[in-house]
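In: I'd like to go over a predicted model; first the sequence, then the structure.
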Amino acid sequence: MQITDITPTKRGRYSVFVDGDFYGVLHATIYVKAKISPGCEIPQVDLDDLIRESGMVIAREKALSLLSGRAYTESGLYVKLIAFTDEQSAADAVSRMKELGLVDDLDYARRYAADCINLKGYSATRTRLALRQKGIFPEDIDEAMIEYDEQDAEMQIARLITRKYLSRLQTEDGRRKAAAALQRKGFRWFDIQAVINNLLDDDKYYDEV
(Lines give C-alpha, C1' and ligand atoms only; values in the text may rest on other atoms or scores of the structure.)
Protein backbone atom coordinates (compact mmCIF):
# COMPACT_ATOMS: atom_id res chain seq x y z
CA MET A 1 0.00 0.00 0.00
CA GLN A 2 1.24 3.48 -0.83
CA ILE A 3 0.55 6.38 1.49
CA THR A 4 -0.32 9.28 -0.75
CA ASP A 5 -0.95 11.96 1.89
CA ILE A 6 -0.83 12.62 5.63
CA THR A 7 -2.59 15.73 6.93
CA PRO A 8 -2.78 17.07 10.51
CA THR A 9 -6.23 17.44 12.07
CA LYS A 10 -7.52 20.15 14.38
CA ARG A 11 -7.17 17.75 17.31
CA GLY A 12 -3.48 17.22 16.78
CA ARG A 13 -3.83 13.88 15.05
CA TYR A 14 -2.99 12.80 11.52
CA SER A 15 -5.31 11.65 8.75
CA VAL A 16 -3.71 9.03 6.52
CA PHE A 17 -4.65 8.66 2.85
CA VAL A 18 -3.88 5.57 0.80
CA ASP A 19 -4.08 5.68 -2.98
CA GLY A 20 -5.83 9.03 -2.70
CA ASP A 21 -8.54 7.84 -0.28
CA PHE A 22 -8.85 8.47 3.45
CA TYR A 23 -7.75 5.36 5.35
CA GLY A 24 -7.60 6.20 9.05
CA VAL A 25 -6.34 8.46 11.85
CA LEU A 26 -3.08 8.24 13.77
CA HIS A 27 -2.42 9.67 17.22
CA ALA A 28 0.53 12.07 17.23
CA THR A 29 2.74 9.78 19.32
CA ILE A 30 1.99 6.80 17.06
CA TYR A 31 2.63 8.88 13.94
CA VAL A 32 6.05 9.98 15.20
CA LYS A 33 6.96 6.43 16.19
CA ALA A 34 5.82 4.98 12.85
CA LYS A 35 8.17 7.18 10.80
CA ILE A 36 5.92 7.16 7.75
CA SER A 37 5.48 9.89 5.15
CA PRO A 38 3.63 10.52 1.88
CA GLY A 39 4.98 8.35 -0.91
CA CYS A 40 6.17 5.50 1.30
CA GLU A 41 5.00 1.91 0.96
CA ILE A 42 3.62 0.03 3.97
CA PRO A 43 1.98 -3.40 4.34
CA GLN A 44 -1.74 -3.10 5.05
CA VAL A 45 -1.44 -5.19 8.21
CA ASP A 46 1.17 -2.80 9.60
CA LEU A 47 -0.91 0.29 8.86
CA ASP A 48 -3.98 -1.36 10.39
CA ASP A 49 -1.96 -2.09 13.54
CA LEU A 50 -0.89 1.56 13.76
CA ILE A 51 -4.47 2.76 13.40
CA ARG A 52 -5.69 0.23 15.97
CA GLU A 53 -2.99 1.30 18.43
CA SER A 54 -3.90 4.93 17.83
CA GLY A 55 -7.53 4.18 18.56
CA MET A 56 -6.60 2.73 21.94
CA VAL A 57 -4.41 5.71 22.86
CA ILE A 58 -7.15 8.15 21.82
CA ALA A 59 -9.77 6.20 23.80
CA ARG A 60 -7.60 6.16 26.94
CA GLU A 61 -6.98 9.90 26.69
CA LYS A 62 -10.70 10.52 26.30
CA ALA A 63 -11.45 8.25 29.26
CA LEU A 64 -9.03 10.20 31.47
CA SER A 65 -10.59 13.46 30.34
CA LEU A 66 -14.11 12.23 31.16
CA LEU A 67 -13.07 10.87 34.55
CA SER A 68 -11.42 14.16 35.47
CA GLY A 69 -14.89 15.70 35.44
CA ARG A 70 -16.85 13.07 37.39
CA ALA A 71 -17.04 9.39 38.28
CA TYR A 72 -18.38 6.82 35.84
CA THR A 73 -19.46 3.21 36.03
CA GLU A 74 -17.86 0.73 33.64
CA SER A 75 -20.91 0.67 31.39
CA GLY A 76 -21.39 4.44 31.62
CA LEU A 77 -17.82 5.14 30.57
CA TYR A 78 -18.02 2.59 27.75
CA VAL A 79 -21.17 4.21 26.35
CA LYS A 80 -19.47 7.62 26.42
CA LEU A 81 -16.33 6.35 24.70
CA ILE A 82 -18.15 4.47 21.97
CA ALA A 83 -19.24 7.83 20.58
CA PHE A 84 -15.59 8.71 19.97
CA THR A 85 -13.95 5.43 19.02
CA ASP A 86 -14.51 1.79 18.09
CA GLU A 87 -15.83 -0.91 20.45
CA GLN A 88 -12.46 -2.61 20.95
CA SER A 89 -10.69 0.63 21.84
CA ALA A 90 -13.51 1.67 24.18
CA ALA A 91 -13.40 -1.69 25.98
CA ASP A 92 -9.61 -1.48 26.25
CA ALA A 93 -9.80 2.00 27.74
CA VAL A 94 -12.38 0.94 30.33
CA SER A 95 -10.23 -2.03 31.30
CA ARG A 96 -7.19 0.20 31.68
CA MET A 97 -9.10 2.70 33.84
CA LYS A 98 -10.15 -0.20 36.09
CA GLU A 99 -6.52 -1.30 36.42
CA LEU A 100 -5.57 2.23 37.45
CA GLY A 101 -8.34 2.28 40.05
CA LEU A 102 -10.11 5.15 38.31
CA VAL A 103 -13.25 3.10 37.65
CA ASP A 104 -14.65 1.09 40.55
CA ASP A 105 -18.28 0.03 40.23
CA LEU A 106 -18.59 -1.14 43.84
CA ASP A 107 -17.29 2.16 45.22
CA TYR A 108 -19.56 4.04 42.82
CA ALA A 109 -22.54 1.92 43.90
CA ARG A 110 -21.88 2.55 47.59
CA ARG A 111 -21.64 6.31 47.15
CA TYR A 112 -24.63 6.49 44.81
CA ALA A 113 -26.74 4.34 47.13
CA ALA A 114 -25.86 6.59 50.07
CA ASP A 115 -26.93 9.65 48.07
CA CYS A 116 -30.20 8.00 47.03
CA ILE A 117 -31.08 6.98 50.57
CA ASN A 118 -29.78 9.96 52.54
CA LEU A 119 -30.19 12.87 50.13
CA LYS A 120 -33.00 11.88 47.79
CA GLY A 121 -34.93 9.89 50.39
CA TYR A 122 -35.37 6.86 48.12
CA SER A 123 -36.52 3.53 49.48
CA ALA A 124 -34.16 0.55 49.26
CA THR A 125 -36.24 -0.81 46.36
CA ARG A 126 -36.09 2.46 44.42
CA THR A 127 -32.36 2.72 45.12
CA ARG A 128 -31.74 -0.77 43.76
CA LEU A 129 -33.62 0.16 40.61
CA ALA A 130 -31.54 3.33 40.24
CA LEU A 131 -28.33 1.31 40.57
CA ARG A 132 -29.50 -1.18 37.94
CA GLN A 133 -30.26 1.71 35.61
CA LYS A 134 -26.66 2.86 36.08
CA GLY A 135 -25.48 -0.50 34.74
CA ILE A 136 -24.12 -1.77 38.07
CA PHE A 137 -23.72 -5.54 38.25
CA PRO A 138 -26.11 -7.36 40.65
CA GLU A 139 -23.33 -8.55 42.97
CA ASP A 140 -22.07 -4.98 43.43
CA ILE A 141 -25.62 -3.77 44.08
CA ASP A 142 -26.09 -6.43 46.76
CA GLU A 143 -22.81 -5.43 48.43
CA ALA A 144 -23.61 -1.71 48.31
CA MET A 145 -27.12 -2.22 49.68
CA ILE A 146 -26.32 -4.45 52.68
CA GLU A 147 -26.83 -1.81 55.36
CA TYR A 148 -29.82 -0.21 53.65
CA ASP A 149 -31.68 -3.47 53.03
CA GLU A 150 -31.63 -4.02 56.78
CA GLN A 151 -33.24 -0.66 57.55
CA ASP A 152 -36.89 -0.68 58.61
CA ALA A 153 -39.09 0.90 55.92
CA GLU A 154 -41.41 2.51 58.47
CA MET A 155 -38.49 4.22 60.17
CA GLN A 156 -37.23 5.57 56.85
CA ILE A 157 -40.67 6.92 56.04
CA ALA A 158 -41.03 8.43 59.52
CA ARG A 159 -37.70 10.22 59.18
CA LEU A 160 -38.72 11.69 55.83
CA ILE A 161 -42.12 12.81 57.07
CA THR A 162 -40.59 14.37 60.17
CA ARG A 163 -38.00 16.25 58.11
CA LYS A 164 -40.07 17.26 55.08
CA TYR A 165 -43.78 16.55 55.29
CA LEU A 166 -44.87 16.84 58.94
CA SER A 167 -46.84 20.05 58.42
CA ARG A 168 -48.81 18.41 55.61
CA LEU A 169 -50.37 15.84 57.93
CA GLN A 170 -52.76 18.44 59.27
CA THR A 171 -55.08 18.26 56.23
CA GLU A 172 -56.41 15.41 54.11
CA ASP A 173 -55.07 17.01 50.94
CA GLY A 174 -51.65 17.46 52.54
CA ARG A 175 -51.57 13.83 53.67
CA ARG A 176 -52.49 12.69 50.17
CA LYS A 177 -49.72 14.78 48.60
CA ALA A 178 -47.18 13.60 51.18
CA ALA A 179 -48.13 9.97 50.55
CA ALA A 180 -47.86 10.44 46.78
CA ALA A 181 -44.40 11.99 47.16
CA LEU A 182 -43.26 9.06 49.29
CA GLN A 183 -44.64 6.59 46.78
CA ARG A 184 -42.57 8.23 44.06
CA LYS A 185 -39.51 7.56 46.20
CA GLY A 186 -40.34 3.86 46.10
CA PHE A 187 -42.09 3.26 49.41
CA ARG A 188 -45.13 0.98 49.60
CA TRP A 189 -48.56 2.53 50.12
CA PHE A 190 -49.53 0.49 53.17
CA ASP A 191 -46.19 1.31 54.90
CA ILE A 192 -46.77 5.01 54.23
CA GLN A 193 -50.31 4.88 55.55
CA ALA A 194 -49.21 2.99 58.66
CA VAL A 195 -46.66 5.68 59.50
CA ILE A 196 -49.08 8.54 58.84
CA ASN A 197 -51.75 6.92 61.02
CA ASN A 198 -49.24 6.31 63.81
CA LEU A 199 -48.07 9.93 63.72
CA LEU A 200 -51.63 11.24 63.71
CA ASP A 201 -52.38 9.16 66.80
CA ASP A 202 -49.14 10.15 68.51
CA ASP A 203 -46.66 12.61 67.03
CA LYS A 204 -43.95 11.08 69.23
CA TYR A 205 -44.64 7.55 68.08
CA TYR A 206 -41.23 7.40 66.36
CA ASP A 207 -39.41 9.22 69.14
CA GLU A 208 -35.97 8.09 67.89
CA VAL A 209 -36.45 9.73 64.48
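Out: Cool, the structure landed.
In: drop to CA atoms for contacts and neighbour counts, all remaining ones
Out: Noted.
In: Name the residues of the longest helix along the chain that are buried.
Out: Taking DSSP state H as the criterion, the chain has its longest helix at helix 44-69. Neighbour-count burial for helix 44-69, counted by 16 or more other C-alpha atoms under 10 Å, picks out 47, 50-60, 62-63.
In: what residues does the helix or strand of the chain with the lowest mean pLDDT touch?
Out: Averaged element by element with mean pLDDT, DSSP states H and E, the chain has its least confident helix or strand at helix 146-149 (a mean of 80). Residues external to helix 146-149 that are found in contact with it (C-alpha atoms under 8 Å, 6 or more residues apart in numbering): Ile117, Ala124.
In: follow-up on the earlier one: from the contact counts, what lies against the longest helix of the chain?
Out: Contacts defined by 3 or more C-alpha pairs under 8 Å, 6 or more residues apart in numbering; DSSP states H and E place helix 44-69 against strand 21-26, helix 28-34, helix 74-81, helix 87-99.
In: where's Arg13 relative to Thr4, distance?
Out: Taken as C-alpha to C-alpha, to the nearest Å, the spacing of Arg13 relative to Thr4 amounts to 17 Å.
In: Can you name the next helix or strand after the least confident helix or strand of the chain?
Out: As assigned by DSSP states H and E, the chain's next helix or strand after helix 146-149 is helix 153-160.
In: could you point out which element follows that next one?
Out: helix 172-184.
In: Which neighbouring elements make contact with the very next helix or strand once past that following helix?
Out: On the C-terminal side of helix 172-184, the closest following helix or strand by DSSP H and E is helix 189-201. If contacts are counted by 3+ C-alpha pairs under 8 Å, 6+ apart, helix 189-201 sits against helix 153-160, helix 172-184.
In: got a list of what Arg96 touches?
Out: Neighbours of Arg96 in contact, by C-alpha under 8 Å, 6+ apart: Arg60.
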